[in-house]
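Student: for reference, the sequence and a predicted model appear below.
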Amino acid sequence: MCPTRLARLRVPGQADITSDSVRSAGSIESIELNRPRPATAEEERIKALEREVRTLRKANEILRLASAFFAQAERDRRFKP
């Protein structure tokens, strides 16, 4: 008898749960383990897009800080005689 089946027989008695609960939990686990993974080309595309997003966010942060810096400098310059 396979270990999984033995566990399904032992656990319900030890944990005060029904064997149906154990059976459904086992089937959910097998479904999650067997879900299809993205294809390799798709994984590479996702990684490239994530890399691009990181780069764009860094660039936006730099531009936002530069804009704030120059706006402050312009404000200070206007009030000096």
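Tutor: Perfect, I can see it now. Since we're looking at a predicted model, the values are computed, not measured. Residues are numbered from 1 along each chain as shown.
Student: only C-alpha atoms for contact and neighbour calcs from this point on.
Tutor: Will do.
Student: report pLDDT for residue 43.
Tutor: At residue 43, the predicted lDDT confidence score is 88.
Student: and for residue 49?
Tutor: For residue 49, the model assigns a pLDDT of 97.
Student: likewise for residue 79?
Tutor: So residue 79 comes in at 61 (pLDDT).
Student: and residue 7, by the same measure?
Tutor: 58.
Student: can you mark which positions in the strand or helix carrying residue 42 are buried?
Tutor: Under the criterion of DSSP states H and E, residue 42 resides in helix 40-79. By neighbour count on 16 or more other C-alpha atoms under 10 Å, the buried set for helix 40-79 is empty.
Student: and the gap between residue 42 and residue 74?
Tutor: Taking C-alpha to C-alpha, to the nearest Å as the measure, residue 42 and residue 74 are separated by 47 Å.
Student: got it, and residue 55?
Tutor: 28 Å.
Student: walk me through the domains of the protein.
Tutor: 1-35, 38-81 (automatic domain parsing).
Student: weakest of the ones you listed in terms of mean pLDDT?
Tutor: Across the domains of the chain, domain 1-35 gives the lowest mean pLDDT, at a mean of 58.
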